[in-house]
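A.B. asks: sequence? don't have it. structure:
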């Protein structure tokens, strides 16, 4: 039997249940699971917990790539936790597990994750995979960076940006169906 594809979701650890960003991530996890996709995240609270909860409650696996040095509580919805000794190992595993990537709202940690995936794809160190961002913040960052990327004559359009979470999810779902 073919293994289920995995979508690595990056996002903030701050949102709490009931808050818009948490509920949006929960909905995303649910939608991905209902489309026969597993999820992978940093495995802690906030968006990571929400996407794991949505996936797990709808029959999908929720893999968490956690960091031993963080004094944080892993999500109770994980079906598998992989504990890393350092941030670089964690980033490597988050990327390696993903057949596709979705970036939700977050701060500098999420920005690092977005930038590493983008750079690896741009330099052909990682095969091009479906890659989507949700929200105004990332849309503005991607638009600004694409100006520089064009100037450098590098690959444009590696990241698709969406204002609507359904459109974002559908792009990933369809891209994975076509790609595999």
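C.D. replies: Yep, it's here. It should be emphasised that the depicted structure is a prediction, and the values quoted were computed from it without experimental measurement.

A.B. asks: Residue 168: what's it in contact with?
C.D. replies: Neighbour list for residue 168: 28, 102, 132-134, 160, 162 [criterion: CB atoms under 8 Å, 6 or more residues apart in numbering]. (Glycine included, C-beta is placed from N, CA and C.)

A.B. asks: Contact partners for the residue nearest to residue 53 when sequence neighbours are not counted?
C.D. replies: Beyond its immediate neighbours in the sequence, the residue positioned closest to residue 53 (CB to CB, 6 or more residues apart in numbering) is residue 77, lying 4.3 Å away. By CB under 8 Å, 6+ apart, the contact list for residue 77 reads 49, 52-53, 55-57, 62.

A.B. asks: helix, strand or coil for residue 77?
C.D. replies: coil (DSSP: H, G, I helix; E, B strand; the rest coil).

A.B. asks: Residue 141 now?
C.D. replies: Three-state call for residue 141 (three-state DSSP): helix.

A.B. asks: rewinding a little: spatially, which two of the contacts of residue 168 are the most separated?
C.D. replies: Within those, two members stand farthest from each other by CB to CB: 28 and 160, at 14.9 Å.

A.B. asks: where does the residue of the chain positioned farthest from its centre sit relative to residue 118, distance-wise?
C.D. replies: Ranked by distance from the centre of the chain (CA atoms, centre = their mean), the top residue is residue 151, with 27.6 Å. Going from residue 151 to residue 118 by CB to CB, to the nearest Å gives 16 Å.

A.B. asks: Then residue 54?
C.D. replies: 25 Å.

A.B. asks: more crowded one of those two?
C.D. replies: residue 54 (26 against 21; other CB atoms under 10 Å).

A.B. asks: before we move on, which element is that one in?
C.D. replies: Element membership of residue 54 [criterion: DSSP states H and E] is helix 47-56.

A.B. asks: So what touches that helix?
C.D. replies: Counting by CB under 8 Å, 6+ apart, helix 47-56 makes contact with 9, 11-13, 15, 17, 21-33, 38-39, 41-43, 61-62, 64, 75-79, 104-106, all of which sit outside it.

A.B. asks: The protein: helices as residue ranges?
C.D. replies: With helices called from DSSP state H, the chain shows them at 20-34, 47-56, 87-97, 108-122, 136-151, 165-179.
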